[in-house]
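Novice: What follows is a protein structure lacking sequence information:
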DNA sequence: CATTACGTTGACGTTAACGTCAATATTGAT
DNA sequence: ATCAATATTGACGTTAACGTCAACGTAATG
């Protein structure tokens, strides 16, 4: 049976290399809602997953509100047909946005590869011309 | 021969759907440096390209400083060997960072596809059970 | 049991990336 | 020439995403 592990705020902070202030801030914003033991926050594995999603979102340039949205997509209270249809629509929209980002990324990576190649050639030229001068 | 076209600030603003304030702000930050005709800013095609790079960077979640960096990679004053080597290193670093982002993006898109699929199934279930009830 | 480490809630400070005036030229179409 | 549209330079305001105290309570450890 899976050990139902829990975490303290500093556990998550050190694991993900963020400050406890950041984690509490995410809670203020409604992104996390840990249980309490007395006044101390206790985080469940599901909270840890949410935190991972938030941080991944940050790396992709999402705002916290957008990440909140995405978390809602993975973790919904989907009752009726209407709700389900809205969820599906949101999934499509997000994916469309991400596909544009995906394209931008590909182009930028290609540009960088080309720039790098160019400078390597330039570097080789400089060095070879230097050698020539020396060897004359 | 290529018409050496130029742009006014409002031309670029409307083309890229940003405000003139934004464009002037980018200039303050050293990302653009248009020439002047009297006091009026005149933008060259190269400025337009830079602006495109900045906006692409924004879509990818880059800061303006990072975009400035990238522009510097495409548009350098690369003189000596040392400079060239630094440029090559920077290209590699940026690409490494972008590759992580690329991976994150792929995972998130996959997650969203799965979520969407799940909700479609759920929706079909709800509807078919509804029909059953009605048809009994 | 005393101290040191860790936790909590405010409250205010900070930086990036603009928005929003205001006051003042300049330009372009009539 | 004139008059609306557009330009310019300040200067201050705003929002997101935290940082940085302060003042206090709790936990664990030699």
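Specialist: Ah, there it is. Just so we're clear, the structure is a prediction, and the values are computed from it rather than from any experiment.

Novice: which other helices and strands contact the lengthiest helix in chain A?
Specialist: In chain A, with assignment by DSSP state H, the single longest helix is helix A:81-135. With contacts taken as 3 or more CB pairs under 8 Å, 6 or more residues apart in numbering or on different chains; DSSP states H and E, helix A:81-135 sits against helix A:64-74, helix B:45-59, helix B:64-74, helix B:81-135. C-beta: built from backbone N, CA, C; applies to glycine.

Novice: what's the distance between it and the middle of its chain?
Specialist: Between the mean C-alpha point of helix A:81-135 and the mean C-alpha point of its chain there is a distance of 18 Å (CA atoms, centre = their mean, to the nearest Å).

Novice: I'd like to check the angle between that helix and helix B:64-74, please.
Specialist: When axes from the mean of the first three to the mean of the last three CA atoms, to 10 degrees is applied, the directions of helix A:81-135 and helix B:64-74 differ by 40 degrees.

Novice: so helix A:81-135 versus helix B:45-59, what angle?
Specialist: 130 degrees.

Novice: Dump the helices and strands packed on helix A:81-135 into JSON lines; add distance to residue A:12 and mean pLDDT as well.
Specialist: Formatted as JSON lines, these follow (distance: least, CB to CB, whole Å; pLDDT from 0 to 100):
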{"stretch": "helix A:64-74", "distance to residue A:12": "16", "mean pLDDT": "95"}
{"stretch": "helix B:45-59", "distance to residue A:12": "30", "mean pLDDT": "97"}
{"stretch": "helix B:64-74", "distance to residue A:12": "27", "mean pLDDT": "95"}
{"stretch": "helix B:81-135", "distance to residue A:12": "19", "mean pLDDT": "92"}
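
Novice: could these go into CSV alongside mean neighbour count and distance to DNA strand D?
Specialist: Written out in CSV, the entries for the helices and strands packed on helix A:81-135 read as follows (neighbours: other CB atoms under 10 Å in any protein chain shown; distance: least, CB to the nearest atom of the strand, whole Å):
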stretch, mean neighbour count, distance to DNA strand D
helix A:64-74, 16, 3
helix B:45-59, 18, 12
helix B:64-74, 16, 14
helix B:81-135, 15, 16
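
Novice: quick one: which of these is nearest DNA strand C?
Specialist: Using CB to the nearest atom of the strand as the criterion, the shortest distance between DNA strand C and the helices and strands packed on helix A:81-135 is 3.5 Å, found for helix B:64-74.

Novice: contact partners of the closest one?
Specialist: Taking CB atoms under 8 Å, 6 or more residues apart in numbering or on different chains as the criterion, the residues outside helix B:64-74 that touch it are A:108, A:111-112, A:115, B:26, B:29-31, B:50, B:53-54, B:57-58, B:62, B:87, B:90-91, B:94.

Novice: Stretch A:24-41 now?
Specialist: For stretch A:24-41, the surrounding residues in contact (CB under 8 Å, 6+ apart) are A:8-9, A:23, A:42-44, A:47, A:50-51, A:54, A:64, A:67-68, A:71.

Novice: Give me the buried stretch members for that stretch, please.
Specialist: For stretch A:24-41, the buried set under the neighbour-count rule, 16 or more other CB atoms under 10 Å in any protein chain shown, comprises A:26, A:27, A:31, A:32, A:34, A:41.

Novice: Quick one: the contacts of stretch A:24-41 as a markdown table, columns for distance to residue A:17 too.
Specialist: Compiled in a markdown table, these are given as follows (distance: CB to CB, whole Å):
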| residue | distance to residue A:17 |
| --- | --- |
| A:8 | 16 |
| A:9 | 14 |
| A:23 | 12 |
| A:42 | 21 |
| A:43 | 16 |
| A:44 | 21 |
| A:47 | 17 |
| A:50 | 17 |
| A:51 | 12 |
| A:54 | 14 |
| A:64 | 18 |
| A:67 | 18 |
| A:68 | 22 |
| A:71 | 21 |
